[in-house]
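Participant: Below are the sequence and a predicted model; questions follow.
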Amino acid sequence: MESGEGTQEKLFDWRAALLLAALLGGNVALALGPWFVREADTGPVSAAFWRLFLALPFLVVFARMAGQPLGGMPKKTLVLVAIGATAFAMDLASWHIGIGMTRLGNATLFGNAGSIILLFWGFIIARMLPRGFERLAIVCALAGAGILLGRSLAISTETFVGDLFCLTAGVLYAVYLLTLQGERARFGSWSLLVWVSIFACPSLLALALALGEPVLPTNWTPILILFVTSQLIGQGLLVYSLGHFPPLVIGLALLTQPAVAALVGYSVFGEVLTALDLIGMVLLGSALLVARAATPRAGPGMAQKRS
């Protein structure tokens, strides 16, 4: 009897370790995305189009494997999907443009600001003022953002504008999540992501052409790595693991993204961080952690990332 209990305990430990590895691995894979956005010889919006378009057949397979329906959506849902997909497309476009203009650590932190936006939105809906750690999160967010924006402005106007593009992406991502949160529970995260991609791809392609960007890459390697790491490995591992952890653990794992991005920025692009930069990143990262921990467990769909 004791032997059987010991075996079960070992199996549980292995499963817990696997889930944690998936959670961390998903965040690391997503953090590598900005590197390959920069390396792509297409325009930034074109890179956003390809990462969604190339992943679409795989998303269909994932939805089928999860037993999620791909058809039969009512008109109301399709309208919401169209609105949400437009916000998602503009989020990706804005974030990819910002990645090319600012430091990778900043881009990743500001691009994930949707968690803080959702926290603010929760106060508005509940008609209540923040309390305790929520107030601390707001103070940290404002202080951290102020430090990082000020440092970017000290480097160049372009870097500051890049930060603003990434902040805008964070707001648009929150709009995307809020628009589709009810439908995601009804139809499943993979199924909804298929439809979001179907609507978002033409929007991204049209915007890339309107901006005069090169759309077809001459070197496919960065684009292929981008779609594999961000859309397949990153999202796949997160969907597999997120439902098994409390928000606080998910928030802690999320902080690996700006750390990895800053490391890539330093080692590959020579982006040196000062002590003040690190203070700003810690403050903003702390705000993201508190915001994520204060958000009720949303399940895999609400945690879909596009980093």
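Facilitator: Sure, I can see it.

Participant: can you pull out the helices in the stretch 201-307 of the chain?
Facilitator: Ranges of helices in the stretch 201-307 of the chain, per DSSP state H, counting those that start in this stretch, are 221-226, 235-241, 247-254, 256-269, 275-294, 299-302.

Participant: Now do the longest one: distance to the chain's middle.
Facilitator: If I follow you right, that is helix 275-294. From the chain centre to the centre of helix 275-294 is a distance of 16 Å (CA atoms, centre = their mean, to the nearest Å).

Participant: and the angle for it with helix 247-254?
Facilitator: If you take axes from the mean of the first three to the mean of the last three CA atoms, to 10 degrees, helix 275-294 sits at 150 degrees to helix 247-254.

Participant: what's the closest of the helices of the stretch 201-307 of the chain to Leu78?
Facilitator: Leu78 lies closest to helix 299-302 among the helices of the stretch 201-307 of the chain, at 17.2 Å (CB to CB). From N, CA and C alone the C-beta is placed, and that goes for glycine too.

Participant: Would you single out the least confident of the helices of the stretch 201-307 of the chain?
Facilitator: For the helices of the stretch 201-307 of the chain, mean pLDDT drops lowest on helix 299-302, to a mean of 40.

Participant: What separation is there between the nearest residue to Ser115 once chain neighbours are set aside and Leu172?
Facilitator: Among residues not flanking Ser115 along the chain, Ala291 sits closest, at 4.3 Å (CB to CB, 6 or more residues apart in numbering). With distances taken as CB to CB, to the nearest Å, Ala291 is found 17 Å from Leu172.

Participant: circling back to that earlier point, I'd like the helices of the stretch 201-307 of the chain as TSV, with mean neighbour count and distance to Phe199 appended.
Facilitator: TSV is the format used below for the helices of the stretch 201-307 of the chain (neighbours: other CB atoms under 10 Å; distance: least, CB to CB, whole Å):
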stretch	mean neighbour count	distance to Phe199
helix 221-226	18	20
helix 235-241	22	18
helix 247-254	20	27
helix 256-269	19	26
helix 275-294	21	27
helix 299-302	18	16
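
Participant: I'd like these as a markdown table, with distance to Leu167 appended.
Facilitator: Formatted as a markdown table, these follow (distance: least, CB to CB, whole Å):
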| stretch | distance to Leu167 |
| --- | --- |
| helix 221-226 | 22 |
| helix 235-241 | 23 |
| helix 247-254 | 17 |
| helix 256-269 | 14 |
| helix 275-294 | 11 |
| helix 299-302 | 21 |
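
Participant: Nearest approach to Gly84 belongs to which of those?
Facilitator: With CB to CB, the closest approach to Gly84 among the helices of the stretch 201-307 of the chain belongs to helix 299-302: 11.6 Å.

Participant: residues of the helix or strand hosting Gly162 that come out buried?
Facilitator: Using DSSP states H and E, Gly162 maps to helix 157-187. Residues of helix 157-187 classed as buried: 159-181, 183-184, 187 (neighbour count, 16 or more other CB atoms under 10 Å).

Participant: what separates the closest residue to Leu238 other than its chain neighbours from Ile279, distance-wise?
Facilitator: Among residues not flanking Leu238 along the chain, Gly26 sits closest, at 3.9 Å (CB to CB, 6+ apart). In this view, Gly26 and Ile279 are 28 Å apart by CB to CB.

Participant: pLDDT wise, what is Ala126 at?
Facilitator: Note on Ala126: pLDDT of 64.

Participant: Same check on the one 10 residues further on?
Facilitator: At Leu136, the pLDDT value in this model is 80.

Participant: Then Phe12?
Facilitator: You'll see Phe12 listed with a pLDDT of 53.

Participant: same deal with Glu271?
Facilitator: 94.

Participant: wouldn't it be in contact with Leu104 here?
Facilitator: Yes - counting by CB atoms under 8 Å, Leu104 is a contact partner of Glu271 at 6.5 Å.

Participant: Now do the shared contacts for the two.
Facilitator: 262, 265 (CB atoms under 8 Å, 6 or more residues apart in numbering).

Participant: about what we covered before: with respect to Ala154, which of the helices of the stretch 201-307 of the chain lies nearest?
Facilitator: Using CB to CB, the nearest of these to Ala154 is helix 275-294, at 9.5 Å.

Participant: by contact count, what packs against the closest one?
Facilitator: Packing partners of helix 275-294 (3 or more CB pairs under 8 Å, 6 or more residues apart in numbering; DSSP states H and E): helix 104-111, helix 114-126, helix 133-155, helix 247-254, helix 256-269.
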